[in-house]
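**Student:** Pasted the sequence and its predicted model underneath.
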Amino acid sequence: MQALTNRAKTVDRKPMTLLERAYLPAIFKGMSITFGHMFKKAPTISYPEKTRPFSPVFRGLHILNRDEAGRENCTACGLCAVACPAEAITMEAAERKAGEENLYREEKYAARYEINMLRCIFCGLCEEACPKDAIYLSETFAPANFQRKGFIYGKEDLLIPNPVTEPEAYAKAKGGRVAVK
Amino acid sequence: MADEIKKEPPANFKVTIDNITIEVTPGTTILNAARTIGGDVTPPAMCYYSKLQGSGGKCRTCLVEVAAGSTADPRPMPKLVASCRTTVMDGMIVKNITSDKVKDARAGVVEFLLLNHPLDCPICDQAGECHLQDLGYEHGKEGTRYEFKRRTFEKEDIGPYIQLHMTRCILCYRCTYVADQLTDKRVHGILDRGEHAEISTYISKAIDNDFSGNMIDVCPVGALTDKTFRFKNRVWFTKPVDAHRDCENPKCCGKTTLWLRGDEVFRVTARKDQWGEVQSYDGKPGWICNTCRFDKKKTTDWVIEGVTKINRHSVISQGKYEGLVMPKETIQEVLGGRSPRLLMDIHTESEVNKPTVHLSEINGPAHSDTFNEGK
């Protein structure tokens, strides 16, 4: 049969040499490699206590942004949903009523906005597509769970805290990332 | 000499547009001659509408260069001409995309049209099928040089079916021609002049003519939009299908495009041809009446013919898979007739597209209370 690749090796069935048959040299060689690792720097960290610094382009869970006055930026234009290759984003829009001007920046807003984190591949195309500065991928990991239920993120999960009423939570949610120009 | 003057004009005029020669009947405009060729040769048109008499000559996007006036007088025309208003002459040579002058002038025209046009495409319901968006992408320049305040108007309510956004209007006059030629009584027109010109119903009269809804279809921008569809969904998330019904109104053609979301009819429009105009049937434009457009929002009202053909370069074709064949579901066979255990039903988790909220049945746009009912 023709080989699929040129990297296939035929099995070597030659009888073992004396050194190989003695068995112990190979054991000691292996032990010395294992022992040598005790004096090297550990490549792992104790995760929950210590965290690694994020790359400036890390893409984690999404947040829906607000402006300085605490109004939601999203106008439900649907560009994130159409850009999404995993079709994870869905939304329903509504018209802003009189008296809701302090809640929503534009005439139209997303009454419902959902990201299915089971579908999301964290590619960041929604962030790129957004014309209103409304969606960002943050420095937070998506949590793990045994159930699928909690992975449909609604607006209450995604919205950044209000900078007017909860300035500390807002600053924390904004993170330490500096815009790269 | 006298013989030459009396010479019969040829039955057909030969005209060369961008090095393509065609024969058209005398009296044809350059734009319509170019439309018979089609493709990139056709100048864009924002105000001209072949189904509305007297339209055209206002937006200047269809400017072309006439390199030779005719065989008899081959001098070029000194200025670029509006192709929707200039008729062809025998032996005329027209340059459209082959002329740098035209390209430059068109980019300038686009810049002028966008001077006062708000950049609220994310909010505008016309986005995705807007002619000004297409024009800007294809013929415009990036960026604007305009530094002044854009013109604004007081919001005016012109009735329960049509939403007027005067700031988005480019004053193409198409809607007033619809009011003039389709409806029996014209109740809206252009008020004031120049910068202040605006479309308005006379003394805010509601437009309740039976064919007034066609203004929505002829509007090249989002100035006139369907209030029953307002903010319900983006055009590219709805699925267009061709449908018809027997309309009682003798003037209504009854052939429409339904814009569906699942089984819900979100919007009804007239069918559009390749120029974005209302399709003609037997030489008659297929206008539809307001009953068909605004009141028949159930699939049972319509006979659905099939999926509307959408240009694959249009955003509307996004996420729609033509010729999709679903593979045979074999899991039940493998499991011996049992269905697999569903780990999550999306409808119990998701708040979007709730089976209890029917957006298509609400008359106007949804509000906060539409979604918060029962909370």
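**Tutor:** Sure thing, it's come through.
**Student:** Strands of the stretch 251-375 of chain B, residue ranges please.
**Tutor:** Along the stretch 251-375 of chain B, counting by DSSP state E, counting those that start in this stretch, strands occupy B:255-261, B:264-270, B:280-281, B:284-285, B:303-307.
**Student:** so which of those comes closest to A:Arg7?
**Tutor:** A:Arg7 lies closest to strand B:303-307 among these, at 49.2 Å (Cβ to Cβ). In short, each C-beta sits where N, CA and C put it, glycine included.
**Student:** for the record, mean pLDDT for that closest one?
**Tutor:** Per-region confidence: strand B:303-307 scores 92 on mean pLDDT.
**Student:** contacting residues around that strand?
**Tutor:** Contacts with strand B:303-307, where a contact means Cβ atoms under 8 Å, 6 or more residues apart in numbering or on different chains, come from B:Lys239, B:Pro240, B:Val241, B:Asp242, B:Ala243, B:His244, B:Arg245, B:Leu258, B:Glu322.
**Student:** Next one: the fifth one relative to B:Thr300, how far apart?
**Tutor:** Going back to what we said before, that points to B:Ala243. Using Cβ to Cβ, to the nearest Å, we find B:Ala243 at a distance of 11 Å from B:Thr300.
**Student:** repeat for the second one
**Tutor:** Distance, B:Pro240 to B:Thr300, using Cβ to Cβ: 18 Å.
**Student:** Pick out whichever of the two has more residues nearby.
**Tutor:** B:Pro240 (22 against 8; other Cβ atoms under 10 Å in any protein chain shown).
**Student:** What strand or helix carries the more buried one?
**Tutor:** In this structure, B:Pro240 is located in strand B:239-244 according to DSSP states H and E.
**Student:** now for that strand, which elements pack on it?
**Tutor:** With contacts defined as 3 or more Cβ pairs under 8 Å, 6 or more residues apart in numbering or on different chains; DSSP states H and E, the secondary structure elements packing on strand B:239-244 are strand B:255-261, strand B:303-307.
**Student:** Check those strands for me and report the most buried one.
**Tutor:** For those, the stretch with the most neighbours on average is strand B:255-261, a mean of 21; neighbours defined as mean count of other Cβ atoms under 10 Å in any protein chain shown.
**Student:** who's in contact with B:Ala127?
**Tutor:** By Cβ under 8 Å, 6+ apart, the contact set of B:Ala127 is A:Cys77, B:Cys121, B:Gln133, B:Gly222, B:Arg234, B:Val235.
**Student:** hang on, I meant B:Arg151
**Tutor:** Applying Cβ under 8 Å, 6+ apart, we find B:Arg151 in contact with B:Asn116, B:Thr167, B:Glu195.
**Student:** Quick check: mean pLDDT of whichever helix or strand A:Ser32 is part of?
**Tutor:** Element membership for A:Ser32, per DSSP H and E: helix A:24-36. With pLDDT averaged residue by residue, helix A:24-36 scores 95.
**Student:** Quick one: residues in contact with the next helix-or-strand element following that helix.
**Tutor:** Next along the chain after helix A:24-36, taking DSSP H and E as the criterion, comes strand A:62-64. Outside of strand A:62-64, the residues that reach it under the criterion Cβ under 8 Å, 6+ apart are A:72-74, A:113, A:115, A:120, A:126-127, A:134-138, A:153, A:155, A:158-160, A:173.
**Student:** Sort out for me which of those are in helices.
**Tutor:** Of those, the ones assigned to helices by DSSP state H are A:Cys126, A:Glu127, A:Lys155, A:Leu158, A:Ala173.
**Student:** before we move on, back to that, could you give the separation of the helix holding A:Ser32 from the chain centroid?
**Tutor:** From the chain centre to the centre of helix A:24-36 is a distance of 40 Å (Cα atoms, centre = their mean, to the nearest Å).
**Student:** what's in contact with that helix?
**Tutor:** Residues from elsewhere that reach helix A:24-36, judged by Cβ under 8 Å, 6+ apart: A:Leu19, A:Glu20.
**Student:** repeat that with 6 Å
**Tutor:** Where contact means Cβ atoms under 6 Å, 6 or more residues apart in numbering or on different chains, the residues beyond helix A:24-36 that reach it are A:Leu19.
**Student:** Kindly report the same for stretch B:345-354.
**Tutor:** A:Thr90, A:Glu92, A:Arg112, A:Glu114, A:Ile152, A:Gly154.
**Student:** If you rank those residues by neighbours, which is first?
**Tutor:** Within these, A:Glu114 tops the neighbour count with 24 neighbours, counted by other Cβ under 10 Å.
**Student:** what's across from that residue in the sheet?
**Tutor:** Beta-bridge partners of A:Glu114, counted by DSSP bridges, are A:Thr90.
**Student:** from memory it sits against A:Glu156, does it?
**Tutor:** No. A:Glu114 is beyond contact range of A:Glu156, at 10.6 Å (criterion: Cβ atoms under 6 Å).
**Student:** check contacts around the residue of the stretch 51-200 of chain B found nearest chain A.
**Tutor:** Residue of the stretch 51-200 of chain B nearest chain A, by Cβ to the nearest Cβ: B:Pro122 (3.3 Å). The neighbours of B:Pro122, taking Cβ under 6 Å, 6+ apart as the test, are A:Thr75, A:Cys77, A:Pro131, A:Lys132.
**Student:** ok, so of these, who is nearest chain B?
**Tutor:** For chain B, the nearest member of these is A:Cys77. The distance, counting by Cβ to the nearest Cβ, is 3.3 Å.
**Student:** Can you report how many residues lie near the closest one?
**Tutor:** The number of residues packed near A:Cys77 is 25, by other Cβ under 10 Å.
**Student:** Return the distance of it relative to B:Val235.
**Tutor:** In this structure, A:Cys77 and B:Val235 are 11 Å apart, going by Cβ to Cβ.
**Student:** Then A:Tyr109?
**Tutor:** For A:Tyr109, the distance to B:Val235 (Cβ to Cβ) stands at 18 Å.
**Student:** More neighbours: the two, which one.
**Tutor:** It is A:Tyr109, of A:Tyr109 and B:Val235, that has more neighbours when counted by other Cβ under 10 Å, with 25 against 21.
**Student:** so what's the backbone phi/psi at residue 105?
**Tutor:** As the question left the chain open, I've gone with chain A. Here the main-chain torsion angles of A:Arg105 (degrees, to the nearest 10) amount to phi -70, psi -40.
**Student:** nope, chain B please
**Tutor:** Per degrees, to the nearest 10, the residue geometry at B:Ala105, taken as phi and psi, is phi -60, psi -40.
**Student:** same question, B:Asn311
**Tutor:** Dihedral angles of B:Asn311 (phi, psi; degrees, to the nearest 10) stand at phi -60, psi 130.
**Student:** Tell me how far it lies from A:Gly78.
**Tutor:** Summarising the geometry, the distance separating B:Asn311 from A:Gly78, computed by Cβ to Cβ, is 19 Å.
**Student:** For the residue nearest the centre of chain A, which non-adjacent residue is closest in space?
**Tutor:** Closest residue to the average C-alpha location of chain A: A:Gly60 at 2.9 Å, with Cα atoms, centre = their mean. In space, and not counting its chain neighbours, A:Gly60 is closest to A:Thr140: 4.5 Å by Cβ to Cβ, 6 or more residues apart in numbering or on different chains.
**Student:** burial count for that neighbour?
**Tutor:** If you count neighbours by other Cβ under 10 Å, A:Thr140 ends up with 14.
**Student:** now do B:Ile162
**Tutor:** Residue crowding around B:Ile162 was assessed by other Cβ under 10 Å; the count is 25.
**Student:** Could you give the bridge partners of it?
**Tutor:** Taking DSSP bridges as the rule, B:Ile162 bridges to B:Asp226.
**Student:** I'd like the distance between it and B:Arg174.
**Tutor:** 14 Å.
**Student:** Equivalent analysis for B:Gly286, please.
**Tutor:** In this structure, B:Gly286 lies at 16 Å from B:Arg174, with Cβ to Cβ as the measure.
**Student:** These two: which is more packed in?
**Tutor:** B:Arg174 (27 against 22).
**Student:** out of the contacts of B:Ala127, who's nearest B:Asn96?
**Tutor:** Proximity of the contacts of B:Ala127 to B:Asn96 was ranked by Cβ to Cβ; the top entry is B:Gln133 with 20.9 Å.
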